[in-house]
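**Q** can you look at this prediction? I've put the sequence above it.
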Amino acid sequence: MAQQYLWILLLCLQTCLEAAESNADILTVNGVLGEQATFPLNVEEVQRIANIAWMNSKTSVALVVPGSGTAPQVTVTHQNYYERINVSSQNYNLEIRNLRMGDADIYKADINVKQSEKHIFTITRSYKLQVYRRLGKPKITQSLMTYVNSTCNVTLTCSVEKEEKNVTYSWSPLGEEGSVLQIFQTPNNQELTYTCTAWNPVSNSSDSISAQQLCADIAMGLHTRHAGLLCGLTVFFLFIVILSSVLLFLLCKRGQDAVSKNTIYAYAMVSKDTQPAESRIYDEIGPSKVLPTKEKSENTIYSIAQYSNKMEKPSTQDSKPPGTSSYEFVI
């Protein structure tokens, strides 16, 4: 029973060692999108190579047969690699041109080496191809800006367009890692320049911003907000003044209309014998000259006097001047 447990333990140990050795033997190859990646064979006696079979995790890629004093013969075995495979005639390294993102995979090369005329042994090389884009210039953005006691408190964020895996960020001169940086800027260190550098396994790129520019942007933002607030208050004050003026005008107009309803008109007509042409005389009598009545609103008195064309004798019963007749209507 103890022997059986010992065999199981040895089997597990052997499996772990093989897995560790397999991972250690896989060589990582980093390629740039649209450019070229090279898989090194690292074979000491290349003249003894019989052939090399290349494959990825899904399918075969190419078969390489060395030539006698000439370039090796390469047979591409998958259509995705047509006109993109090249093999060096010196060390038989495989090259893939015009890399695509889909080319990222695990590749394996079975190298058949002649030990003698009758004996051939196989050496296996494994590669992990990773394809990356070249990083463009990163962009630094500002957020959470405050200005307290002459100190600029701001958060900077660094990012690149089409960010992918394995992108790292660093800030100088602070030596901070990560895409986000929080700054407490004082007037004493406004000459500093903050630089963000974005990295991936095939490229890096940087962008910078000065502390003086950073604080100036914050101060300008505060000035703009204050100016906007002052402008808003000014517009509100003008609106109140205009509204008050309109209301006052309407009240005055209403008062004038009420006064015009209590107006008395007197109408008189003079005869042709006494004046060369007919004329009308309008006498406007204000409300203060009218005797008070029971109803104060809309009380109008019209008095009409008309002179006849002929002179009439004075009547003893009428005390009016001769040659005149009058009519009076009171409403």
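**A** Structure's in. What do you need?

**Q** how about the helices in the stretch 101-250 of the chain?
**A** Taking DSSP state H, counting those that start in this stretch to define them, one finds helices in the stretch 101-250 of the chain at 211-260.

**Q** low-confidence stretches in it?
**A** The model of the stretch 101-250 of the chain has pLDDT under 70 over residues 144, 147-150, 163, 187-188, 215-228.

**Q** could you redo the last one with a cut-off of 90?
**A** 114-120, 141-155, 161-166, 173-176, 182-193, 209-250 (pLDDT under 90).

**Q** return the distance of Leu233 relative to Ser245.
**A** Applying C-beta to C-beta, to the nearest Å, the value for Leu233 to Ser245 is 19 Å. C-beta here means a position set from N, CA and C on the backbone, and glycine is covered the same way.

**Q** cool, Val65 as well?
**A** Distance from Val65 to Ser245, by C-beta to C-beta: 101 Å.

**Q** pick out whichever of those two has more residues nearby.
**A** Val65 (13 against 10; other C-beta atoms under 10 Å).

**Q** report the beta-bridge partners for the more buried one.
**A** With DSSP bridges applied, Val65 shows beta-bridge pairing to Gln73.

**Q** quick one: it and Gln73 touch, right?
**A** Yes. At 4.6 Å, Val65 counts as touching Gln73 under the criterion of C-beta atoms under 8 Å.

**Q** what's the burial count for Arg100?
**A** Neighbours of Arg100 using other C-beta under 10 Å come to 13.

**Q** Thr122 touches Lys114, doesn't it?
**A** No. Using C-beta under 8 Å, Thr122 is not in contact with Lys114, being 11.2 Å away.

**Q** the more surrounded of those two?
**A** With neighbours defined as other C-beta under 10 Å, Thr122 and Lys114 compare such that Lys114 has more, 14 against 10.

**Q** isn't the more buried one right up against Ala50?
**A** Yes. Using C-beta under 8 Å, Lys114 is in contact with Ala50, at 5.3 Å.

**Q** quick one: common contacting residues for these two?
**A** Ile120 (C-beta atoms under 8 Å, 6 or more residues apart in numbering).

**Q** list of residues touching stretch 45-60?
**A** Contacts to stretch 45-60, defined as C-beta under 8 Å, 6+ apart, come from residues 39, 41, 43, 61-66, 77-78, 90-92, 94, 105-115, 120.

**Q** swap in stretch 135-144?
**A** 153-162, 167, 169, 194, 196-200, 203-209, 214, 217.

**Q** contacts only, for the residue nearest to Pro66 when sequence neighbours are not counted.
**A** Counting by C-beta to C-beta, 6 or more residues apart in numbering, Pro66 lies nearest to Pro72, which is 4.9 Å off, once chain neighbours are set aside. Residues in contact with Pro72 (C-beta under 8 Å, 6+ apart) are Val64, Val65, Pro66, Val87, Ser89, Tyr92.

**Q** pick out the lowest-pLDDT one from those.
**A** Least confident of the contacts of Pro72 in the model: Ser89, at 85.

**Q** gap between the two ends of stretch 40-56?
**A** This stretch, stretch 40-56, spans 15 Å end to end (C-alpha to C-alpha, to the nearest Å).

**Q** check which residues of that stretch are buried.
**A** Leu41, Val43, Val46, Ile49, Asn51, Ile52, Ala53, Trp54, Met55, Asn56 (16 or more other C-beta atoms under 10 Å).
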